[in-house]
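Chemist: The sequence and its predicted three-dimensional model are supplied below.
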Amino acid sequence: MSANSTTRASRGLDVSARRAEADSASYCCGASVTAMVLRNFEDRLERLVEGMFARAFKSGLQPVEIGRRLVKEVDAHRSLDVRGRTIAPNRFTVHLASDDAERFAQIDASLRAELATIVRQHAQEQEILFLGRVAIEFITEPEQVVGMFRIDSEFDDRVTEGSPPAYLLLSDNTQVPLPNAVATLGRLPESTLVLSDPNASRRHAELHPDGDTYALVDLGSTNGSRVNGRRVDRQVLADGDRLTFGTITVTFHVL
């Protein structure tokens, strides 16, 4: 073998080694991000089930186990679309044992919203796209063993019918579903969310559907509307945003 060919071979090995190292670093970074997403989910879940629901989650199937499996489901079924983009399933059906489903029913909408957030955050970090909104459904299987579950996933570009795409979480953990239309907020009794606060206006604000989320629109209220502490006239919302009207603060969640 000539000196030149030996040099080329050596350079080829160096390039391969660098590529392998980069792939490994990328994988480790992705794994680290996913672990962080799951840790954040656990922290939010603790706050979600604190108090009256906490005792129900000391045993049996833990929601974070479903979160981990959903992330694996996204990775296992990712593929390329006709334009070469990486896509993954966006509709997930989680089959639960009766006892586990009964416990989760206490925080059903909030839990599904948090699980959908995990899926979206993982996909964003991995540059994975979805054909439609991420939808998660719980199904009770009477024959399923407690603590065990399975997940079916599919690609679905249809808008989910019959269920609200988002909701507002009040300070007492009450969930106010948002319609697939403009939602109204104010002191008027016909409002989607009645603001029982003299500091709020009769017609204070509206939530307008905006793609997979909503936009908050202030209606010229006296004391204004705030998103995460900042006063806004119009703001596209993200899952987990805190909305303040007068002295009332609610949390916006996307399903």
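Modeler: Nice, thanks for sending it over.

Chemist: Pretty sure Leu111 sits in a strand.
Modeler: No. Per DSSP: H, G, I helix; E, B strand; the rest coil, Leu111 lies outside any strand segment and is helix.

Chemist: Count the residues that sit near it.
Modeler: 20 (other CB atoms under 10 Å). Any C-beta I mention is one placed from the backbone N, CA and C, and that applies to glycine too.

Chemist: Tell me where the stretch 101-250 of the chain has strands.
Modeler: Using DSSP state E, counting those that start in this stretch, the strands of the stretch 101-250 of the chain run over residues 135-140, 149-154, 166-169, 175-178, 183-186, 193-194, 205-210, 213-218, 225-227, 230-232, 234-236, 242-245, 248-254.

Chemist: between the ones you listed, which gets nearest to Phe104?
Modeler: Closest to Phe104 of the strands of the stretch 101-250 of the chain is strand 135-140 (CB to CB; 6.3 Å).

Chemist: What residues of the closest one count as buried?
Modeler: Ala135, Ile136, Phe138 (16 or more other CB atoms under 10 Å).

Chemist: in the protein, which spans are helices?
Modeler: Under the criterion DSSP state H, the chain contains helices at 3-48, 63-76, 98-104, 108-125.

Chemist: Comparing the ones you listed, which yields the minimum mean pLDDT?
Modeler: If the helices of the chain are sorted by mean pLDDT, helix 3-48 sits at the bottom with a mean of 48.

Chemist: residues contacting Asp233?
Modeler: Val217, Asp218 (CB atoms under 8 Å, 6 or more residues apart in numbering).

Chemist: that older thread, with respect to Arg69, which of the strands of the stretch 101-250 of the chain lies nearest?
Modeler: Nearest of those (CB to CB): strand 149-154, 5.6 Å.

Chemist: Can you give the contact residues for that closest one?
Modeler: The contact list for strand 149-154 (CB under 8 Å, 6+ apart) reads 61, 65-66, 69-70, 73-74, 77, 89, 91-97, 100, 144.

Chemist: Using CSV, write out the CA atom coordinates for stretch 205-221.
Modeler: Only the C-alpha atoms of stretch 205-221 are listed here, as CSV (Å, rounded to 0.1, in the frame of the first residue of the first chain):
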residue,chain,number,x,y,z
ALA,A,205,-61.0,39.5,27.0
GLU,A,206,-61.5,36.7,24.4
LEU,A,207,-59.6,33.6,23.4
HIS,A,208,-59.5,33.1,19.7
PRO,A,209,-58.6,29.7,18.1
ASP,A,210,-55.1,30.1,16.4
GLY,A,211,-53.8,26.9,14.8
ASP,A,212,-53.2,24.3,17.5
THR,A,213,-53.6,26.9,20.3
TYR,A,214,-55.5,30.1,21.1
ALA,A,215,-54.7,33.8,21.1
LEU,A,216,-55.6,36.0,24.0
VAL,A,217,-57.2,39.3,22.9
ASP,A,218,-57.9,42.0,25.4
LEU,A,219,-61.1,44.0,24.7
GLY,A,220,-59.9,47.3,26.0
SER,A,221,-60.4,46.3,29.6
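
Chemist: Contacts for it next, please.
Modeler: Applying CB under 8 Å, 6+ apart, the set of residues contacting stretch 205-221 from outside is 133, 165-166, 178, 180-186, 192, 200-201, 203-204, 224-225, 227, 232-239, 243, 245, 252, 254.

Chemist: try it again with 6 Å
Modeler: Identification of contacts with stretch 205-221 by CB atoms under 6 Å, 6 or more residues apart in numbering yields 133, 182-185, 201, 203-204, 225, 233-237, 254.

Chemist: Same question for stretch 70-89.
Modeler: So stretch 70-89 is contacted by Thr34, Val119, His122, Ile128, Leu129, Ile151, Ser153, Glu154, Phe155 (CB under 6 Å, 6+ apart).

Chemist: Good, we can wrap up now.
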